[in-house]
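# Let's see this in three dimensions:
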Amino acid sequence: MTAVRDDGCESLTNRPERLGECLRRFREHAGLSLSGLARKVNYSRGYLSKVETGRAPGNVQLAQRCDEALGTGGVLARLAQARDARPSRGAASADRTWDTSTGWQRQPRPDEPTTDHRPDAPLTRGELPIPSATAVAFMLALDEAHNALRAVARADLPPSARHDAANETLHDARVYAIRERLLVLGAAPLVAAAEVAFLRLIAIRDAIRAGARLDGADYHRVYHPFAEGLWAFRMALRADLGQSPLTPEELGRADWSDRERCRDCGERYRPSA
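Residues are numbered from 1 along each chain as shown. This is a model prediction of the structure:
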């Protein structure tokens, strides 16, 4: 593929937004929307938007995929590599923490206190082990994607728009990217529970792509197994962190399926007196 003109992007500077500026310039030159590029590189549209505006740093892998998708001849990857090679002005890499909302490594803020964490001390945000932080990020991504799928199921969309909108929900929540990281980093019981929840979310997506409505039997047939799978994943994560298990009864539930709380299914599944 012929590389596009670099428009001065290879004149490296110390500005952290340089990668994002060049990515936006190349994407627009190629006539691609953020959603179009997201589908090509398997990153979410929201994350690409943050990279372009300097709110997220991006990474070499993303830059390489964008180079390939946009035909930029490796310009973006060289920018990312040069930026990452610069000496850090802050603490050493050992002092980096992980943002459990995204699963990405971040540098502590100047006003963020650091502590010597004891094994028996409570875990706080940023102190989770890397695999556990990734699992938390995946749990949140599954929940975010499901909420977005519910909105699609509720909307009055033509079949083609419904199909595309359902697909976008998983990309925008970064479900696929975080799942790949968890498959590599997570312990086997945690990965197994996560994969069950993931496959049941895919079943919801497929049902909605096929026309399932939020109040219809086709949606509820796949939603309640997903609810059980997501709760099982939460319990596996608690076990991974050394926390005691929870029972549905402790949280005022009959089971983890949410059937007894469901307006459409509650009467059918209400326990007998």
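# Quick check: buried residues in the helix or strand Ala133 falls within?
Using DSSP states H and E, Ala133 falls within helix 130-154. Neighbour-count burial for helix 130-154 flags 131-142, 144-146, 148-150, 152-153 (criterion: 16 or more other C-beta atoms under 10 Å). Just so you know, the C-beta spots here come from the backbone N, C-alpha and C atoms, and that holds for glycine as well.
# which residues in the chain form strands?
97-99, 104-106 (DSSP state E).
# Could you list the low-pLDDT ranges of the stretch 51-200 of the chain?
86-127 (pLDDT under 70).
# All the helices of the stretch 1-150 of the chain, residue numbers only.
Here the stretch 1-150 of the chain has its helices, by DSSP state H, counting those that start in this stretch, at 18-29, 34-41, 45-52, 60-70, 75-85, 130-154.
# right, and those - which one's nearest Asn167?
helix 34-41 (8.4 Å; C-beta to C-beta).
# which residues sit against that closest one?
27, 32, 44-45, 48-49, 52, 62, 65-66, 69-70, 168, 171-172 (C-beta atoms under 8 Å, 6 or more residues apart in numbering).
# List the buried residues for stretch 163-176?
163, 165-166, 168-175.
# want to try a markdown table for these, with distance to Ala77 as columns?
Formatted as a markdown table, these follow (distance: C-beta to C-beta, whole Å):
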| residue | distance to Ala77 |
| --- | --- |
| His163 | 33 |
| Ala165 | 32 |
| Ala166 | 32 |
| Glu168 | 26 |
| Thr169 | 29 |
| Leu170 | 26 |
| His171 | 22 |
| Asp172 | 24 |
| Ala173 | 26 |
| Arg174 | 21 |
| Val175 | 25 |
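# quick check, nearest of the residues you listed to Phe198?
Val175 (7.2 Å).
# ok, the closest one touching Asp143?
No: Val175 is beyond contact range of Asp143, at 10.2 Å (criterion: C-beta atoms under 8 Å).
# about what we covered before: in PyMOL, select just the buried ones from the contacts of helix 34-41.
Buried subset of the contacts of helix 34-41, written as a PyMOL selection, criterion 16+ other C-beta under 10 Å:
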select buried, resi 27+32+44+45+48+52+62+65+66+69+70+168+171+172
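# Thank you kindly, that will do.
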